[in-house]
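**Student:** requesting a structural model of the entry that follows:
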Amino acid sequence: MVTLKQLAKELNVSISTVSKALNDSEEIGEDTRKRVKELAELYNYKPNKVALSLKQNKTKTIGVIIPDILNHFLSKVLFGIEREASKHGYNIITCISNESLEKEKESLELLANGSVDGFILSLAEETQMKNEVHHLRDTIGQGLPIVMFDRVAHDVMCDKVIVDDFEATYNATKNLIAEGRKHIVFISKIDDISVGKLRERGYNKAILEAQMSPLVLKIKKGDDIQQKIRKLLKKNKTIDGVVAADSASGVVAINMAINLKKKVPKDISVVGFSSKAVSNHSVPRLAIIRQHAKRIGAMAAEMLIARLNNTTESQPDFSTKVIKTSFVKSESTL
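**Tutor:** Residues are numbered from 1 along each chain as shown. The predicted structure is shown next:
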């Protein structure tokens, strides 16, 4: 494989000139840049990334750790991260924690050995349940910045990207109350993680303000979600509204209501956190609180790259960016 030294020798210029020309340095004239690039293309020259990273003390690679690759929201965030990173010349290495604290720790240790310049991650469910964050602080202490998204640890000093979970659920519940719904249930499969707790608080606030009685169904791992929701609706025949903290619960609530001969939205309105693609799995289509996953991913990558590119001694203060959700009306509400 041809090297910078060989290119420089053939062009009768210095290695530094070749390097600067390939990087479009304004120090090098247009004619020289053109000659260098043409010869590099002829020989199919590829820079030695390992040598470059050692010289610059940068890998131009970001480590991304997500809890569940099958989660539609998280996979779209990953897409947003990769697209934004690519724009800035960064690659990504993705690890899946599978909701495990140990797997999350192992992924950080694996990549913190010089493989990446920093991390973007969403916390595993077990990490949040045990509230264990030492491994995150240790990584930051090694000089590797972290940007958290969606599920975050508020007591870890780093940049974060979140959505308005509390406000979005509060407003969605208020919308159902404005429809005239009197018996609204909150259904959640994500009670053990931070976003699930925030969404339940938003629901509770709207219900208590309306002087109504809260009704909450929490679905645990291993539960039959269809049977749990069907049993709830069958036992509580007065339920006329559903706010779902996750996409699956919203879709299943519509299907179970139809199964019990209820008309949606005449008899019962349903809204849930979801994407347009998932909302299509019910008839009528689920009204959704849309989280703009790709934008979350792009913002997380943008924040990390900005911090990595800051060459001044004083780094900017850590910040939390809130990506506003959108309420997308559909056939499951009036």
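**Student:** could you pull out the strands for the stretch 1-150 of the chain?
**Tutor:** Secondary structure of the stretch 1-150 of the chain by DSSP state E, counting those that start in this stretch: the strands cover 61-66, 91-96, 118-121, 146-149.
**Student:** okay if I get these as a markdown table plus mean neighbour count, mean pLDDT and distance to I162?
**Tutor:** Heads up, the C-betas are built off the backbone N, CA and C, glycines and all. Formatted as a markdown table, the entries for those read as follows, by neighbours: other CB atoms under 10 Å; pLDDT from 0 to 100; distance: least, CB to CB, whole Å:
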| stretch | mean neighbour count | mean pLDDT | distance to I162 |
| --- | --- | --- | --- |
| strand 61-66 | 25 | 98 | 15 |
| strand 91-96 | 16 | 97 | 21 |
| strand 118-121 | 26 | 98 | 13 |
| strand 146-149 | 26 | 98 | 7 |
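**Student:** to S330, which of these lies closest?
**Tutor:** Checking those against S330 by CB to CB gives strand 146-149 as the closest, at 26.3 Å.
**Student:** that closest one - contacts with which helices or strands?
**Tutor:** Strand 146-149 is packed against strand 118-121, helix 134-141, strand 159-163, helix 293-308, with contacts defined by 3 or more CB pairs under 8 Å, 6 or more residues apart in numbering; DSSP states H and E.
**Student:** tell me which residues are up against that strand.
**Tutor:** For strand 146-149, the surrounding residues in contact (CB atoms under 8 Å, 6 or more residues apart in numbering) are 77, 118-123, 136, 139-140, 156, 158-162, 296-297, 300-301, 303-304, 307.
**Student:** any quick ChimeraX command for the buried ones out of those?
**Tutor:** Here is the ChimeraX command that picks out the buried ones among the contacts of strand 146-149, judged by 16 or more other CB atoms under 10 Å:
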select :77,118,119,120,121,122,123,136,139,140,156,158,159,160,161,162,296,297,300,301,303,304,307
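**Student:** that older thread, just tell me which of the strands of the stretch 1-150 of the chain ends up closest to L39.
**Tutor:** With CB to CB as the measure, strand 91-96 is the member of those nearest L39 (26.1 Å).
**Student:** follow-up on the earlier one: turn the strands of the stretch 1-150 of the chain into CSV, including distance to V252.
**Tutor:** Converted to CSV, the strands of the stretch 1-150 of the chain look like this (distance: least, CB to CB, whole Å):
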stretch, distance to V252
strand 61-66, 24
strand 91-96, 25
strand 118-121, 29
strand 146-149, 26
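**Student:** what about these, which gets the closest to I258?
**Tutor:** When these are compared for distance to I258 using CB to CB, the nearest one is strand 61-66, at 33.3 Å.
**Student:** could the helices and strands packed on strand 146-149 go into TSV alongside distance to L286?
**Tutor:** Shown next, in TSV, are the helices and strands packed on strand 146-149 (distance: least, CB to CB, whole Å):
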stretch	distance to L286
strand 118-121	29
helix 134-141	35
strand 159-163	18
helix 293-308	16
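**Student:** to D224, which of those lies closest?
**Tutor:** Per CB to CB, nearest to D224 of these: helix 293-308, 27.7 Å.
**Student:** go ahead and name everything in contact with that closest one.
**Tutor:** Applying CB under 8 Å, 6+ apart, the set of residues contacting helix 293-308 from outside is 58, 62, 73-74, 76-85, 88, 90, 117-120, 145, 147, 149-150, 159, 161, 163, 275, 315-316, 319, 321, 323.
**Student:** quick one: buried residues of whichever strand or helix holds R199?
**Tutor:** When secondary structure is defined by DSSP states H and E, R199 falls within helix 194-209. Residues 194-200, 202-207 are the ones in helix 194-209 that count as buried (16+ other CB under 10 Å).
**Student:** Throw those into a markdown table and include pLDDT and distance to K46, thanks.
**Tutor:** Supplementary listing: those in a markdown table, determined by pLDDT from 0 to 100; distance: CB to CB, whole Å:
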| residue | pLDDT | distance to K46 |
| --- | --- | --- |
| S194 | 95 | 43 |
| V195 | 97 | 43 |
| G196 | 97 | 47 |
| K197 | 96 | 49 |
| L198 | 97 | 47 |
| R199 | 98 | 48 |
| E200 | 98 | 52 |
| G202 | 98 | 52 |
| Y203 | 98 | 55 |
| N204 | 98 | 57 |
| K205 | 98 | 57 |
| A206 | 98 | 58 |
| I207 | 98 | 61 |
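**Student:** for the protein, which segments count as helices?
**Tutor:** 4-11, 15-22, 30-42, 49-56, 72-87, 101-111, 125-130, 134-141, 165-178, 194-209, 225-235, 247-259, 276-279, 293-308 (DSSP state H).
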